[in-house]
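Chemist: The sequence isn't on hand, but the structure is:
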């Protein structure tokens, strides 16, 4: 029992480190605002969720963002961007995990990744409108955009960006899963025993 707990903690720690390193390799997509960057740090969290369950995947997301905040800091002193990245990851991995758990096939995984992408894009649009953009405006002490300008930023920038990010992460994850699926399933079974 203790051995399995220790193994789970080691897996979570290793996957958090990999997620952090992948998060550092972020890049913007030119037509979108520079603060929106694509990274593949959600992939280790998703693999961890599939192997150990959703709490482990969320823990990887949390540790990735804490490590990144300590390492890179935040322009506001408050980790608003890290909180947004954490929520983005959760909105992506949880629907994917639950659909894959229910359907248990590559088609089910693909469907889960599509739903995860849509959930992430819509969820982050709503959360940016009501929470994250106002937090940025408050902590950076800049005037709050009017409702129409904020909606325009979200519809023209954040929503399509998150859709594109979700597609990119989905494609890379499916390529990795194609190579690692037997190993992932074997690990999943070993931790369920």
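Modeler: Looks like it arrived, so ask away. If you're wondering where the values come from, they're calculated on a predicted model, not measured in any experiment. Numbering: from 1, shown residues only.
Chemist: the bottom helix or strand of this structure by mean pLDDT?
Modeler: Lowest on mean pLDDT, DSSP states H and E among the helices and strands of the chain sits helix 147-153, with a mean of 66.
Chemist: next helix or strand past that one?
Modeler: Going down the chain from helix 147-153, the next helix or strand is helix 159-192, by DSSP states H and E.
Chemist: What ranges does the chain have for its strands?
Modeler: 27-28, 37-38 (DSSP state E).
Chemist: Tell me which of those sits most buried.
Modeler: strand 37-38 (a mean of 17; mean count of other CB atoms under 10 Å). For the C-beta atoms, the positions are set from N, CA and C on the backbone; glycine is no exception.
Chemist: For it, which strands pair with it and how are they oriented?
Modeler: strand 27-28 (antiparallel) (DSSP bridges).
Chemist: Quick one: mean pLDDT over the partner strand.
Modeler: Averaged over strand 27-28, pLDDT sits at 94.
Chemist: where does the chain dip in pLDDT?
Modeler: The chain contains residues with pLDDT under 70 at 1-2, 76, 142-151, 193.
Chemist: returning to that earlier point: so for residue 102, which of the strands of the chain sits nearest?
Modeler: Ranking those by proximity to residue 102 (CB to CB) places strand 37-38 first, at 28.2 Å.
Chemist: Nearest approach to residue 105 belongs to which of the strands of the chain?
Modeler: strand 37-38 (27.5 Å).
Chemist: How about residues contacting that closest one?
Modeler: Residues from elsewhere that reach strand 37-38, judged by CB atoms under 8 Å, 6 or more residues apart in numbering: 26-29, 164-165, 168-169.
Chemist: Same question for stretch 105-120.
Modeler: 88, 91-100, 102-103, 162-163, 165-167, 169-170, 173-174, 177, 181.
Chemist: Tell me how far that stretch lies from the chain's centre.
Modeler: Centre-to-centre, stretch 105-120 and its host chain are 14 Å apart (CA atoms, centre = their mean, to the nearest Å).
Chemist: same check, this time on stretch 132-143
Modeler: 23 Å.
Chemist: Helices of the chain, start to end?
Modeler: 2-24, 42-52, 54-72, 80-103, 106-127, 133-139, 147-153, 159-192 (DSSP state H).
Chemist: what would these look like in TSV with mean neighbour count and distance to residue 36?
Modeler: Shown next, in TSV, are these (neighbours: other CB atoms under 10 Å; distance: least, CB to CB, whole Å):
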stretch	mean neighbour count	distance to residue 36
helix 2-24	16	14
helix 42-52	26	15
helix 54-72	20	16
helix 80-103	21	10
helix 106-127	19	10
helix 133-139	16	12
helix 147-153	12	10
helix 159-192	16	5
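Chemist: Need those in CSV (columns: distance to residue 34).
Modeler: CSV is the format used below for the helices of the chain (distance: least, CB to CB, whole Å):
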stretch, distance to residue 34
helix 2-24, 16
helix 42-52, 20
helix 54-72, 15
helix 80-103, 12
helix 106-127, 17
helix 133-139, 14
helix 147-153, 13
helix 159-192, 11
